Each structure stands twice: as C-alpha cells, then as structure tokens.
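Asker: I need the structure of the sequence given here:
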Amino acid sequence: MQPGPAHPDPALLARIPLGLGTMAEIGAEPVLATWLARHDPLCRPVAPASAPPGSVDLVVLRGLDGDASRAVRQAATLLAEDGILLTDLPNAEDWRLAEGGAPAPPDAVTLPFLLGALRAAGLVPIDMPAEAPDDAARDFAARSGPGDPGLLRRIAPARWRLRAARRAARPLFVLAHLLRSVAGVNDVRVGHPLRMAATHPGMSARLSETPVLHRFGSDVPRILLLQRRLLSEPTAPTLVNTVRAAGYVVVQEFDDEPSLWPSIAESDHFAFRGVHAVQTSTAPLAELFGRFNEEVAIFPNTSVDLPPPANFTDPRRLTIFLGALRRERDTAPFLPALNAVLAEAGDRLAVEVLYDRSAFEALATPHKRFHGVLPYDAYRALMARCEIALLPLDDTFFNRCKSDLKFVEAGSLRLCCLASPVVYGGTVRDGETGIIMRDPAEMAAALRAMLAAPERARAIGDAARGWVTANRMMASQVRTRLAWYRSLWERRAELDAALLSRAPELR
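Answerer: Sure, this is the predicted structure:
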C-alpha cells in the first residue's frame with residue numbers, strides 16, 4: 001500500500017462529486033475528510049473495512065495493495081447502486097518516468113489495464129479529464145512511437161483520475177445567462193451552485209453574460225437558466241421562441257421582489273409567464289411567482305463552504321459587520337443607539353461598513369472603516385474577521401420577500417448575528433444561533449452584553465455555524481437541483497403546452 005500525498009491534489013478534488021452521502025478511500029492514508037468537512041460536511045467518510053457492500057456513494061481508489069484487479073473489485077463491491085468510483089493511480093506509462101529513467105511506482109497501472117479491470121468488475125468507465133500534453137510530452141511521443149496515434153494520450157497524464165459507475169452517466173447541459181456580476185449575486189445564486197452540480201458525471205454547465213446556444217441532438221437534456229431577466233422588451237417573445245426552437249427548457253432565476261422593476265408589471269409579468277419554470281429562494285417569492293407560473297422551485301440560499309474560523313482572536317475587542325445593498329433605510333433607525341454603545345466601548349468595539357456611505361458617515365467613532373462593493377471572496381474574507389453581524393430589516397413587503405442569506409453567510413463564518421424578526425425570525429433561534437432585536441434598544445442591550453461577555457457571542461457564533469453546517473450547505477442542494485432540472489426536461493412537452501397557454505404571444 002502506498003502512503004499517498006499529505007494534502008489532496010486540487011486536480012483530484014475537482015473530480016469529487018459533491019452532495020453525496022458517504023465516501024470511502026481505499027489504498028492510501030485517508031486525506032479527504034478535512035476537505036469534505038469544509039466543502040461538503042454532510043458527506044460522511046467511512047472506513048472500507050466496516051462499510052457494508054453496496055453502501056458507499058463515492059469510493060476513491062488512491063493506491064493499490066497488491067493486485068490491481070482485486071482492488072478494483074473490492075471498490076466495486078462497496079459501491080451503492082448509483083455510486084461512483086474515482087481512481088487516483090499513478091500512470092505506469094508516464095513519459096516523465098521513462099525520460100528520467102525512474103521505475104514506475106509499484107501501484108502504477110496502464111490505461112488499458114485499468115479500463116479492463118473496471119469492466120471486469122462490472123463498471124462502466126464514465127469520464128477522464130483530458131490532460132493537454134506539453135511540448136516535452138509531444139517530443140517524447142514523436143521519438144518513442146511515431147506510428148502510434150494513441151501513445152500521447154497514454155503517456156501524458158501522471159495519474160489516472162478516471163470515474164466509473166454501474167451504468168453510463170446521464171447527460172445534462174445547463175447554459176446560464178448571467179447578470180453583470182455585482183456583490184456576489186452571481187456566485188451565490190447561479191455560479192457556485194452550477195459549478196458544484198457540474199462535479200457530477202454527465203452534467204456540464206456554461207456561464208456567460210452573453211451565452212451562445214449550443215446545438216445538441218434531440219435527446220440531450222438542456223436548460224437555459226436566465227438570471228433575473230426582466231423580459232419586458234418587445235423582443236422578449238422572439239428570444240424565448242428562439243430558445244424553445246433550439247430545444248431548451250427555459251428557467252427564470254429570480255431572487256428579489258419584482259416591484260423594484262416596474263417594467264415587469266407593465267409587460268404583464270412575462271418574466272414569469274413567458275418561461276417554462278421559475279426558481280427562487282423563499283416561500284413568499286415562490287407564492288408571488290406562482291400566480292404567473294405553476295412550476296416554481298425553492299432553493300434556499302446557502303453557504304459555499306466553511307472556512308476555518310478567523311474571528312474571536314482578541315477578547316478585548318469586537319468588530320461589527322454592517323453591510324448590504326439597498327438597506328440604508330433599514331439601518332438608519334439603529335444608528336443613534338449604536339453610536340451610544342460605541343461611545344461607551346471606545347476602542348473595544350469597531351465597525352466595518354460596506355456599501356452604505358451614509359451609515360458610515362453617521363457613525364461617531366474613529367474605529368470604523370468603509371468598503372465599496374467587493375468581489376465575493378473579499379467580501380466573505382472581511383466578514384470572517386468580524387465577530388458580530390448587524391442585520392436590521394424594516395417590516396415591509398419588499399423586505400419580507402428577502403432571504404436569510406446574510407445570516408447564512410455570517411453563521412458559516414462563526415459570527416454572532418443581531419437580526420430583525422423580519423426574515424430572520426423564521427431562521428434564527430433567539431439566544432441560541434443568533435439574537436433577534438426588535439428595536440434599537442434591544443440591539444444596544446445585546447451589544448453591551450457581548451462586550452461584557454465575549455465568550456457568549458462566540459458560543460452563539462459556534463451554534464450558528466453548526467446550524468448552517470446541518471441545514472444550509474450548497475453541496476447539500478446539488479442532487480435536489482439536478483433532480484429538478486432532469487424532471488423539467490422529462491416533462492418538457494407538458495411544460496411547453498402550459499407555457500403557450502399562459503403566454504399567447506409566443507404562438
């Protein structure tokens with residue numbers, strides 16, 4: 001048995017399907033559990049020796065202990081009916097070994113041998129990443145086997161990272177028409193979820209602000225995902241008909257209360273009538289969109305991963321995170337009370353303000369910093385260094401349609417949230433995973449209590465992180481999303497008939 005690398009290779013991690021239930025590593029010291037705990041914490045690592053046959057969703061064969069065929073059979077025996085085997089084995093024909101005169105590792109295999117072993121175990125090879133050979137590999141192939149057209153493919157990879165299953169993967173293609181990226185909206189709602197879904201064999205995704213329709217045979221399932229497209233222009237029916245003619249199911253992704261864009265109502269809500277289906281993030285939005293389209297799916301907003309906690313490093317100082325787009329009116333009533341606490345706390349309390357210049361200017365403390373719109377990774381990194389998230393929302397219909405994303409983001413990073421009952425009251429367990437503040441006085445009292453006992457704020461932040469881990473990880477939604485998209489494709493004739501019925505301008 002080979003020792004295996006101390007840290008997982010990113011090329012290997014990119015091959016792991018997310019959202020599965022169990023994972024086992026065979027043939028080397030396990031190294032994937034820590035990575036899974038951050039990116040897919042509900043996927044449970046199991047020991048191969050104790051796993052019943054047919055019970056493991058993902059088996060990673062990372063080395064061989066003796067006969068390769070026997071190791072592949074062992075892995076196949078563990079696989080659940082819909083399980084996936086991922087090999088991570090050194091290539092016995094790696095040109096670098098031959099060029100340097102080094103012997104192949106004892107667990108190295110050739111590609112023909114590996115494919116044969118998989119088929120003998122009753123598995124179907126699904127996919128293997130194409131490794132673009134460099135000039136040195138091409139030169140070696142030209143010198144070693146000028147008459148062998150398959151040589152370069154066999155010698156280029158250093159390792160065989162091939163996936164196999166009991167049956168061929170079902171294809172699915174999703175083409176996403178993105179908004180111009182602002183404050184991570186693309187990442188949370190479309191980019192990260194589709195990239196995670198594309199870790200599953202057979203599923204591929206293309207994301208672009210100016211997508212080009214890909215042409216396929218009539219049997220290839222394909223979805224066009226429109227991110228918050230108003231579809232209020234006179235040309236919108238022509239656009240939808242063009243997409244329909246190319247065989248796509250059209251899905252509108254909408255995560256906001258639509259009255260912010262009057263043109264939607266002026267077009268008689270064609271943005272929702274004129275598509276096959278709508279996906280959104282909250283029950284109030286689903287109820288609203290359901291008035292115009294019977295096919296609505298709710299995918300609550302989620303956290304893409306669980307970075308190692310970076311806050312609560314200095315018990316003498318706490319930092320408040322205050323930042324969200326278009327929440328100036330919600331924040332303003334809380335600023336006088338916040339200023340009173342800031343005056344009492346001095347340098348023990350600081351504020352990081354995003355987007356809201358008026359709030360920043362109104363804060364009467366030197367311990368503050370302002371940030372404009374940040375890329376999503378930078379936004380999360382800034383939040384991660386804070387201990388408290390201030391999440392005020394006024395009780396308006398627009399706000400009641402919002403999602404609890406800010407709590408999910410903050411909780412994943414171990415912040416203690418002070419949140420309004422609007423939106424957050426349905427998610428936050430008051431005093432356990434966060435604190436519900438019904439008015440500025442309750443906010444001020446909570447901040448004073450945290451300054452007196454920072455360990456209490458940290459305990460609430462830990463509980464919030466645990467809740468997000470169990471309930472709102474993006475990887476945990478992958479299979480649900482894929483199942484819905486496949487269901488749309490299977491029902492496309494029915495959905496298209498309903499579309500034409502409610503949108504006669506498409507006929």
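
Asker: and the helices in the stretch 251-400 of the chain?
Answerer: For the stretch 251-400 of the chain, applying DSSP state H, counting those that start in this stretch gives helices covering 262-266, 270-273, 283-289, 328-331, 335-345, 357-362, 376-384, 397-400.

Asker: quick one, which of those is nearest to residue 224?
Answerer: For the helices of the stretch 251-400 of the chain, proximity to residue 224 was assessed by CB to CB; helix 270-273 is nearest, at 14.1 Å. Backbone N, C-alpha and C define where each C-beta goes, glycine included.

Asker: against which helices or strands is the closest one packed?
Answerer: Here helix 270-273 touches no other helix or strand, going by 3 or more CB pairs under 8 Å, 6 or more residues apart in numbering; DSSP states H and E.

Asker: pLDDT of that helix, averaged?
Answerer: Taken as a whole, helix 270-273 has a mean pLDDT of 98.

Asker: give me the longest helix you can find in the chain.
Answerer: The longest helix of the chain (DSSP state H) is helix 454-471.

Asker: in terms of secondary structure, what does it contact?
Answerer: helix 405-412, strand 416-419, helix 440-452.

Asker: about what we covered before: and of the helices of the stretch 251-400 of the chain, who's closest to residue 482?
Answerer: Of all the helices of the stretch 251-400 of the chain, it is helix 283-289 that lies closest to residue 482, at 19.6 Å by CB to CB.

Asker: so which bits of the closest one are buried?
Answerer: 284, 285, 286, 288, 289 (16 or more other CB atoms under 10 Å).

Asker: before we move on, what about stretch 171-189?
Answerer: By neighbour count on 16+ other CB under 10 Å, the buried set for stretch 171-189 is 172-178, 183-189.

Asker: still on that earlier bit, what comes up buried for the longest helix of the chain?
Answerer: Residues of helix 454-471 classed as buried: 454, 457, 458, 460, 461, 462, 463, 464, 465, 467, 468, 469 (neighbour count, 16+ other CB under 10 Å).

Asker: I'd say the second one and residue 448 touch.
Answerer: No. In this structure, residue 457 is not within contact of residue 448 by CB atoms under 8 Å, at 11.5 Å.

Asker: what number of residues lie near residue 211?
Answerer: Residue 211 is flanked by 16 other residues according to other CB atoms under 10 Å.

Asker: that one contacts residue 173, doesn't it?
Answerer: No. Counting by CB under 8 Å, residue 211 stays clear of residue 173, with 11.5 Å between them.

Asker: in TSV: the buried residues of helix 454-471, plus pLDDT.
Answerer: Below are these laid out as TSV (pLDDT from 0 to 100):
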residue	pLDDT
454	96
457	97
458	98
460	98
461	98
462	98
463	98
464	98
465	98
467	98
468	98
469	98
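
Asker: and the gap between residue 290 and residue 499?
Answerer: The spacing between residue 290 and residue 499, counted by CB to CB, to the nearest Å, is 15 Å.

Asker: right, I mislabeled it, should have said residue 362
Answerer: Distance from residue 362 to residue 499, by CB to CB: 49 Å.

Asker: equivalent analysis for residue 106, please.
Answerer: Distance, residue 106 to residue 499, using CB to CB: 60 Å.

Asker: more neighbours: these two, which one.
Answerer: residue 499 (22 against 13).

Asker: the more buried one sits in which helix or strand?
Answerer: Per DSSP states H and E, residue 499 falls inside helix 492-502.

Asker: buried residues in that helix, which are they?
Answerer: Using 16+ other CB under 10 Å as the test for burial, helix 492-502 gives 492, 495, 498, 499.

Asker: quick one: residues in contact with that helix.
Answerer: Under the criterion CB atoms under 8 Å, 6 or more residues apart in numbering, residues 244, 249, 273-277, 292-295, 488, 506-507 lie in contact with helix 492-502.

Asker: one more time with 6 Å
Answerer: With CB atoms under 6 Å, 6 or more residues apart in numbering as the test, helix 492-502 has contacts from 249, 273, 276, 506, 507.

Asker: ChimeraX command to pick out the buried ones of the residues you listed?
Answerer: A single ChimeraX command is used to select the members of those judged buried by 16+ other CB under 10 Å:
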select :249,273,276,506
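
Asker: residue 366: which of the contacts of helix 492-502 is nearest?
Answerer: When the contacts of helix 492-502 are ranked by distance to residue 366 (CB to CB), residue 273 comes first, at 53.4 Å.

Asker: OK, contacts around that closest one?
Answerer: 292, 502, 503.

Asker: export the residues you listed to TSV and tack on distance to residue 39?
Answerer: Formatted as TSV, those follow (distance: CB to CB, whole Å):
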residue	distance to residue 39
292	36
502	40
503	40
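
Asker: and of these, the nearest to residue 388?
Answerer: Using CB to CB, the shortest approach to residue 388 within the contacts of residue 273 belongs to residue 292, at 39.8 Å.

Asker: burial check on the closest one, number of neighbours?
Answerer: Residues near residue 292, counting by other CB under 10 Å: 20.

Asker: check the gap between the residue nearest to it when sequence neighbours are not counted and residue 171 for me.
Answerer: Among residues not flanking residue 292 along the chain, residue 272 sits closest, at 4.0 Å (CB to CB, 6 or more residues apart in numbering). Separation of residue 272 from residue 171 (CB to CB): 28 Å.

Asker: now swap in residue 310 and tell me
Answerer: On the measure of CB to CB, residue 310 and residue 171 end up 41 Å apart.

Asker: so the closest residue to residue 309 other than its chain neighbours, which state does it fall into?
Answerer: Nearest non-adjacent residue to residue 309, counting by CB to CB, 6+ apart: residue 414, 4.4 Å away. The three-state assignment at residue 414 reads coil, by DSSP: H, G, I helix; E, B strand; the rest coil.

Asker: my understanding was that residue 414 contacts residue 465; is that so?
Answerer: Yes. Assessed by CB atoms under 6 Å, residue 414 is found in contact with residue 465 at 4.8 Å.

Asker: averaged pLDDT, stretch 245-255. What do you get?
Answerer: 97.

Asker: for it, which positions count as buried?
Answerer: 247, 248, 249, 250, 251, 252, 253, 254, 255.

Asker: next: stretch 67-77.
Answerer: For stretch 67-77, burial by neighbour count (16+ other CB under 10 Å) applies to 68, 69, 71, 72, 73, 74, 75, 76, 77.

Asker: extract the CA atoms of it and return them as PDB.
Answerer: Taking C-alpha atoms only, stretch 67-77 is exported to PDB below (Å, rounded to 0.1, in the frame of the first residue of the first chain):
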ATOM      1  CA  ASP A  67      -3.300  -7.000  -7.400                       C
ATOM      2  CA  ALA A  68      -5.000  -4.000  -9.200                       C
ATOM      3  CA  SER A  69      -7.900  -6.100 -10.500                       C
ATOM      4  CA  ARG A  70      -8.700  -7.300  -6.900                       C
ATOM      5  CA  ALA A  71      -8.600  -3.700  -5.600                       C
ATOM      6  CA  VAL A  72     -11.000  -2.500  -8.300                       C
ATOM      7  CA  ARG A  73     -13.300  -5.400  -7.500                       C
ATOM      8  CA  GLN A  74     -13.200  -4.500  -3.800                       C
ATOM      9  CA  ALA A  75     -14.100  -0.900  -4.600                       C
ATOM     10  CA  ALA A  76     -16.900  -2.000  -6.900                       C
ATOM     11  CA  THR A  77     -18.400  -4.200  -4.200                       C
END
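
Asker: no further questions, thank you.
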